[in-house]
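K.L.:
here's a sequence, model it:
(one chain, ligands or ions: 1)
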Amino acid sequence: MPVLRDIFIHLSENKILNDTTKKIGLKFGADKVVGGIKVEDTIERIKDINNQGMSVTFDNLGEFITEKSDALWEKGNIIEMIKAIDENNVDAHASVKLSQIGLHIDYDFCLENTREILTVAKQADMFVNIDMENYAAYDDTIRLIDTVLEEFDNVGTVIQSYLFSSREDVIKYKDQRLRLVKGAYKEVPEVAFQDKRDIDAAYLRLIKTHLLEGRGFTSIATHDHNIIEETIDFIKENNIPNDQFEFQMLYGFRKDYQRNLVQRGYNTVVYVPFGYDWYAYFMRRLAERPQNINLVVKGITKD
Ligand code: FAD
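P.N.:
Predicted coordinates:
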């Protein structure tokens with residue numbers, strides 16, 4: 001349903017709606033896919049997930065950051081969460097969006113903020129994943145990753161299979177910890193596959209390449225059972241040990257399948273977003289899978 005997808009993407013980018021929804025708390029069923037507004041609530045959610053045998057990657061929600069003061073505030077939230085995870089001794093690592101800590105304001109400012117987060121995370125013995133955002137941020141993100149990889153060993157990034165550059169990047173980072181995804185944004189045909197079959201085929205190739213070549217740890221972040229089961233077959237055929245990879249899924253999605261992977265002995269990680277800025281994230285999840293609209297219907301009838 002490409003029209004619905006475009007509508008939800010459009011809604012996710014509406015600044016007025018983003019600003020308004022920050023003030024009203026989790027609504028319309030968003031609590032099914034967002035871990036919490038505050039750090040304390042989110043820590044409780046992480047404990048629940050840990051108790052089910054899964055690890056967590058947390059994401060401080062925050063979009064449209066155009067002022068340095070806002071970027072510094074978001075950096076503070078991320079550091080607060082890293083410290084809370086350390087103090088509470090829960091099993092979680094960080095996912096960070098560079099646009100939130102100043103990538104679109106000033107590259108050097110963003111680099112300094114990233115270094116600060118990585119330093120605090122290192123003290124907490126925590127890995128930090130730099131999420132990949134839209135293609136407009138791609139060059140600066142790769143540049144920043146290459147810089148921090150020279151200085152830190154607790155950082156990695158995400159490669160999106162819809163980008164034509166993905167194969168080259170997976171080979172470049174074959175010895176690094178990488179999260180592999182299909183890609184969540186709408187990109188032009190000059191830089192990205194448009195057909196789902198091409199994206200899926202590229203995705204499987206990336207997973208197999210990263211699992212076999214180099215020494216990098218592979219995070220396979222998808223809800224697609226066809227991809228996951230084909231990956232598991234590949235892992236068995238090639239005797240790839242379970243400590244070289246993990247599966248990642250978003251909080252609230254395919255919970256039965258998450259549990260099933262745990263029961264089968266596979267490391268499974270839940271991506272838990274939290275914070276006031278939940279709206280754009282929620283809209284993007286609806287864009288990906290309009291069937292998720294039933295979360296909204298249930299959410300409205302509940303409220
Ligand atoms: P899809 O192609 O959406 O679905 C394939 C098939 O899987 C569907 O046809 C259906 O049969 C089944 N399926 C999918 N979802 C469900 C469901 N909820 N219930 C039942 N069946 C389902 N994108 C980025 O661009 N940058 C990032 O940094 C990034 N990080 C991510 C981190 C995590 C942990 C995850 C899970 C995703 C991340 N993404 C990121 C999003 C990703 O790029 C995709 O947009 C998103 O995961 C949707 O694609 P998919 O691989 O899950 O499968």
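K.L.:
mind listing the helices for the stretch 201-303 of the chain?
P.N.:
Taking DSSP state H, counting those that start in this stretch as the test, the helices found in the stretch 201-303 of the chain are 225-237, 255-263, 279-288, 293-302.
K.L.:
near the ligand, which residues of the stretch 101-250 of the chain are found?
P.N.:
131-132, 158, 160, 181-185, 221-224, 248-250 (C-beta under 6 Å from any ligand atom). (Each C-beta comes from the backbone N, C-alpha and C, glycine too.)
K.L.:
let's go with 8 Å and repeat that
P.N.:
129, 131-134, 158, 160, 162, 179, 181-185, 196, 199-200, 203, 219, 221-227, 248-250 (C-beta under 8 Å from any ligand atom).
K.L.:
could you flag which of the residues you listed are buried?
P.N.:
129, 131-133, 158, 160, 162, 179, 181-185, 199-200, 203, 219, 221-223, 227, 248-250 (16 or more other C-beta atoms under 10 Å).
K.L.:
check the helices of the stretch 201-303 of the chain for me: which has the lowest mean pLDDT.
P.N.:
Across the helices of the stretch 201-303 of the chain, helix 293-302 has the smallest mean pLDDT, namely a mean of 53.
K.L.:
which residues of this protein score low on pLDDT?
P.N.:
1-2, 20, 23-29, 290-303 (pLDDT under 70).
K.L.:
might you report the residue contacts of the residue of the stretch 1-150 of the chain found nearest the ligand?
P.N.:
Distances between the stretch 1-150 of the chain and the ligand by C-beta to the nearest ligand atom are smallest at Asp131, namely 3.5 Å. Asp131 is in contact with 59, 95-98, 157-158, counting by C-beta atoms under 8 Å, 6 or more residues apart in numbering.
K.L.:
let's go with 6 Å and repeat that
P.N.:
When contacts are counted by C-beta atoms under 6 Å, 6 or more residues apart in numbering, Asp131 touches 95, 97, 158.
K.L.:
mind checking which of these are in strands?
P.N.:
Per DSSP state E, strands hold the following members of those: 95, 158.
K.L.:
can you list the contacts of Asp131 in a markdown table and add distance to Asn239?
P.N.:
Shown next, in a markdown table, are the contacts of Asp131 (distance: C-beta to C-beta, whole Å):
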| residue | distance to Asn239 |
| --- | --- |
| Ser95 | 30 |
| Lys97 | 36 |
| Val158 | 27 |
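K.L.:
specify which member of the contacts of Asp131 is nearest to Val272.
P.N.:
For the contacts of Asp131, the minimum distance to Val272 (C-beta to C-beta) is 9.1 Å, reached by Ser95.
K.L.:
and the lengthiest helix in the chain with the ligand, contact?
P.N.:
Assignment by DSSP state H gives helix 68-88 as the longest helix of the chain. No: judged by C-beta under 8 Å from any ligand atom, helix 68-88 makes no contact with the ligand; its nearest approach is 15.2 Å.
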